[in-house]
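J.: give the three-dimensional model of this entry:
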Amino acid sequence: MKLAAAAYRMDFLDSWDAYARKIAAHVREAAEQGADLLVFPEYGAMELATLAGRATAGNLEASLHAVSDLVPRADALHADLAARHRVHILAASAPVFDAAISDRPVNRARLFAPSGAAGHQDKQIMTRFEREDWGVVAGGPLTLFDTALGRIGILICYDSEYPLLGHALREADILLVPSCTEAAHGYHRVRIGAMARALEQQCITVMASTTGACDWSEAVDTNCGAGGIFAPPDTGFPADGILACGALDAPGWTLAELDLDAVARVRKDGVVLNRTHWVEQAGRDSPAGMRSLK
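T.: Model prediction:
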C-alpha cells in the first residue's frame, strides 16, 4: 500500500465551497499518486471557524463552537471523497462538543473507509494550552480499527509521547499521528514520540502536521511541521527508521510505500523484539532505589 502524510496549511475561507474544493483537491492529488491511506493533521479543521468571520475565528471559545457545528458537514464531505477515490482518510481533527462525554469539547479525529464505514478517535491527554486556555477535555477510550488496509490506531499529537498509550494499541500495524505544533521544539517532540512508538511496538507510524501562519486565530496562529512516515529501525526497513520525511514547513504530501508483511516479519524475527520483550518491564514502573555515592 502507499501512505500519505500531509503538511497542511490552513486558510481563511470565504465559503463552504472553497473548503470543499480545497479538501477535494488535496485528496485527489494524493489519490492520483497512488495513496491508499491519507492522514490530515490535528486541528486542521480550525480553518472552518473562518466561515463565521474573523471575529469568531479569533475568539477561542467562539471558534470551538463554530468548528464543532460544521463537523457533521465536513464528515459527509470526507466520506464522499473516501468512497469516490477508493481511499481511507483520516480527516483533520476538530473540537467536538459531545454531550455524552462532557459539556466541554473533545479533540476528535475521524477515520473514513471507502466502503462507507467510519469511526473516530478522541485525544486522551491534553496539552497545557488545551486544558488551561481552551478547556478541551479527554474523550472516549483508545480504539483499534480493523480495516481492509490492516489494523490502525490513532494517537493524536501529545498522545504519541506516551509509551503506554502506544502499547495499548500494540495490535495495530499502523499508528496515525495527526499533530499541530507551533514551533520546531513541539514538532520534534511529536516526531520523536512517533519514531519511539514505531520502535517499541514494531509498527509503522504516520505523522501529519499543520504548517504556516494563521493570523486570524489565537489558537493556531503559528504552525511548524512536516509529514513523516516511520518504521522500526530493523531488518527490512531503513537503518534510521525513516521511510519518508517532508521538508519542515513545506506544505504538501509526503508518501511512502509499505509492505505490511515486513511489519509481521520484524515482529516475529527482528534483530530485536521490543514488542515481545515489553512484558519484561513488569513491576518496574516504580522509582528506582536511591544509593548515595557522596
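
J.: which residue, other than its chain neighbours, is closest to the residue positioned nearest the centre of the chain?
T.: Geometric centre of the chain, nearest residue: residue 178, 1.7 Å, by C-alpha atoms, centre = their mean. Nearest-residue entry for residue 178: residue 42, 4.3 Å, with adjacent residues in sequence omitted and distances by C-beta to C-beta, 6 or more residues apart in numbering. Yep, even glycine has a C-beta here, placed from its N, CA and C like the rest.

J.: follow-up on the earlier one: each with direction, which strands does the strand or helix carrying the residue nearest to the centre of the chain pair with?
T.: Here residue 178 sits within strand 174-179, counting by DSSP states H and E. Strand 174-179 pairs in its sheet with strand 150-154 (parallel), strand 204-213 (parallel), by DSSP bridges.

J.: can you give me the strands for this protein?
T.: 2-9, 37-39, 88-90, 94-96, 106-112, 118-122, 145-147, 150-154, 174-179, 204-213, 222-223, 228-230, 242-245, 252-257 (DSSP state E).

J.: so what touches the last one?
T.: If you take C-beta atoms under 8 Å, 6 or more residues apart in numbering as the criterion, strand 252-257 is touched by 1-7, 26, 29-30, 33-35, 38, 226-229, 243-246.

J.: hang on, the earlier thing: enumerate every residue touching the residue nearest to residue 178.
T.: 92, 93, 107, 109, 123, 156, 157, 178, 179, 180, 208, 210.

J.: thought residue 197 was touching residue 163?
T.: Yes. Between residue 197 and residue 163 a contact is recorded at 7.3 Å, counting by C-beta atoms under 8 Å.

J.: those two: which has the busier surroundings?
T.: Legend: neighbour count by other C-beta atoms under 10 Å for residue 197 and residue 163, higher for residue 197 (30 against 15).

J.: show the contacting residues for the more buried one.
T.: 155, 160, 163, 166, 175, 177, 203, 205.

J.: and the residues you listed, which are buried?
T.: Listed as buried from these are 155, 160, 166, 175, 177, 203, 205; burial here means 16 or more other C-beta atoms under 10 Å.
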